[in-house]
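Peer 1: no sequence on this one, just coordinates:
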């Protein structure tokens, strides 16, 4: 791909990230640490989907595929028992049997007309060219627009379901406690010593579309804040979070900002890029940038440990986030793991969920950001490296 084309792709993604800047002023609406800690019991961050028999807060966006057809939602896994169904913003709850039924496959929810559940139709997904709250370049239809909203618009139309899943198995490699890769961080946590976490990333990691960032209900903090709060609550170690993630950034920006990040004296760095980089279709370039980041960080302080975050996938219908590139970028990160460097693989998790759910079920903006449920999954994957599973 020519450089001019690569820049056009990058700035296409960046523009989407920056489009939400008026919704939330950086981190001004993110709840304080004390409030985040109080919210932790309801978030079940240490009961991740890959090890818990109960799936807490699975998110779906009810859809009506055909005019006057059924309104349906999708579960990630077959359920044996539905425990609760509610709007993601808490506006209402739904009664099984009256408002919604569970289809025979155990994965499809069918909402009745009595439920008054918010829903979208297939036509809603592709607004006319030039329509507000839309973005160009659908795969195969480059002049067709796709539905896009910042803030908590999608969140306010999503439903969260808690249920017991039929099988307790997990079909892909699950996050594993990183005792060998992150020994220094874990030693500090166990000794209840102060830990400073430095964060470098893009709009996802800055917090976009978590309701604590967009000032929506229930004001859930973005995933870096969830990780810091859960570590503090679990270990009793004072956690300082220095989040330097910026919407629209590429790994190249993170590398340029590394000296500023190192000035924060982090013990642990969370490095989370990819969404704004896959459009280059150049995983080797991405690997070289991350490798240079790691080299310079080690030179500055050999004790620094790093968690590399392989990005969630984007909307496969949006041309700027070629989904076939995400696993290649994930593999580039995986090749850099070893002593002092661990991988939180959100790419594989999103690819797994793509088999059961729509991208819109977990989206915060329709294209390339997670919703509250997605931010919880990010936090669960990172915490899986830092908190030993209960015996």
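Peer 2: Thanks, I have the structure now. Model, not experiment: these values are computed from the prediction.
Peer 1: Where does pLDDT dip in the stretch 1-150 of the chain?
Peer 2: When residues are selected by pLDDT under 70, those of the stretch 1-150 of the chain lie in 1-28.
Peer 1: Now do the strands in it.
Peer 2: Read by DSSP state E, counting those that start in this stretch, the stretch 1-150 of the chain holds these strands, from start to end of the chain: 54-60, 63-64, 71-74, 79-87, 100-102, 108-111, 120-121, 134-135, 146-147.
Peer 1: Ok, which of those comes nearest residue 235?
Peer 2: Closest of the strands of the stretch 1-150 of the chain to residue 235 is strand 54-60, at 22.1 Å (criterion: CB to CB). Where C-beta positions appear, they are placed from N, C-alpha and C, glycine not excepted.
Peer 1: Which positions in the closest one come out as buried?
Peer 2: Using 16 or more other CB atoms under 10 Å as the burial criterion, the residues of strand 54-60 that qualify are 55, 56, 57, 58, 59, 60.
Peer 1: The first one: what's it in contact with?
Peer 2: Contact partners of residue 55, counting by CB atoms under 8 Å, 6 or more residues apart in numbering, are 49, 75, 76, 77, 79, 161, 162, 163, 164, 165.
Peer 1: The residue in the chain sticking out farthest from the centre and residue 322, how far apart?
Peer 2: No residue in the chain sits farther from the centre than residue 68, which is 33.0 Å out by CA atoms, centre = their mean. Taking CB to CB, to the nearest Å as the measure, residue 68 falls 36 Å from residue 322.
Peer 1: hey, which helix is longest across this structure?
Peer 2: Counting residues, the longest helix in the chain under DSSP state H turns out to be helix 283-300.
Peer 1: Tell me the helices and strands packed up against that one.
Peer 2: On a contact count with 3 or more CB pairs under 8 Å, 6 or more residues apart in numbering; DSSP states H and E, helix 283-300 meets helix 251-256, helix 258-262, strand 268-273, strand 305-310, helix 326-334.
Peer 1: hmm, back to that, of the contacts of residue 55, buried ones?
Peer 2: When those are checked for burial by 16+ other CB under 10 Å, the buried set is 49, 75, 76, 77, 79, 161, 162, 163, 165.
Peer 1: contacts for stretch 294-310?
Peer 2: The contact list for stretch 294-310 (CB under 8 Å, 6+ apart) reads 181-182, 184-185, 201, 205, 255, 258, 262, 265-274, 290, 326, 329-330, 333-334, 336-337, 340-348, 378, 381-382, 385.
Peer 1: Just the buried ones from those?
Peer 2: Using 16+ other CB under 10 Å as the threshold, 181-182, 184-185, 201, 205, 255, 258, 262, 266-274, 290, 326, 329-330, 333, 336, 340-348, 378, 381-382, 385 are the buried ones among those.
Peer 1: Now distance to residue 228 too, for the contacts of residue 55, in a markdown table please.
Peer 2: Shown next, in a markdown table, are the contacts of residue 55 (distance: CB to CB, whole Å):
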| residue | distance to residue 228 |
| --- | --- |
| 49 | 21 |
| 75 | 30 |
| 76 | 26 |
| 77 | 29 |
| 79 | 32 |
| 161 | 28 |
| 162 | 25 |
| 163 | 29 |
| 164 | 30 |
| 165 | 29 |
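Peer 1: Let me know the closest of these to residue 144.
Peer 2: Using CB to CB, the shortest approach to residue 144 within the contacts of residue 55 belongs to residue 76, at 28.7 Å.
Peer 1: May I have the residues that are in contact with that closest one?
Peer 2: The contact partners of residue 76, taken as CB under 8 Å, 6+ apart, are 49, 55, 58, 107, 353, 356, 357.
Peer 1: what do you get for residue 92?
Peer 2: Under the criterion of CB under 8 Å, 6+ apart, the contact partners of residue 92 comprise 86, 116.
Peer 1: how far away is it from residue 52?
Peer 2: For residue 92, the distance to residue 52 (CB to CB) stands at 26 Å.
Peer 1: what about residue 140, distance to residue 358?
Peer 2: In this structure, residue 140 lies at 18 Å from residue 358, with CB to CB as the measure.
Peer 1: What's the separation between residue 155 and residue 280?
Peer 2: Following CB to CB, the distance that separates residue 155 from residue 280 is 30 Å.
Peer 1: Now do the helices in the protein.
Peer 2: Counting by DSSP H, the segments of the chain that form helices are 3-18, 33-43, 183-190, 203-206, 211-214, 223-235, 251-256, 258-262, 283-300, 326-334, 346-353, 372-386.
Peer 1: which one of the ones you listed has the most crowded surroundings?
Peer 2: Using mean count of other CB atoms under 10 Å, the stretch among these with the largest mean neighbour count is helix 203-206, at a mean of 29.
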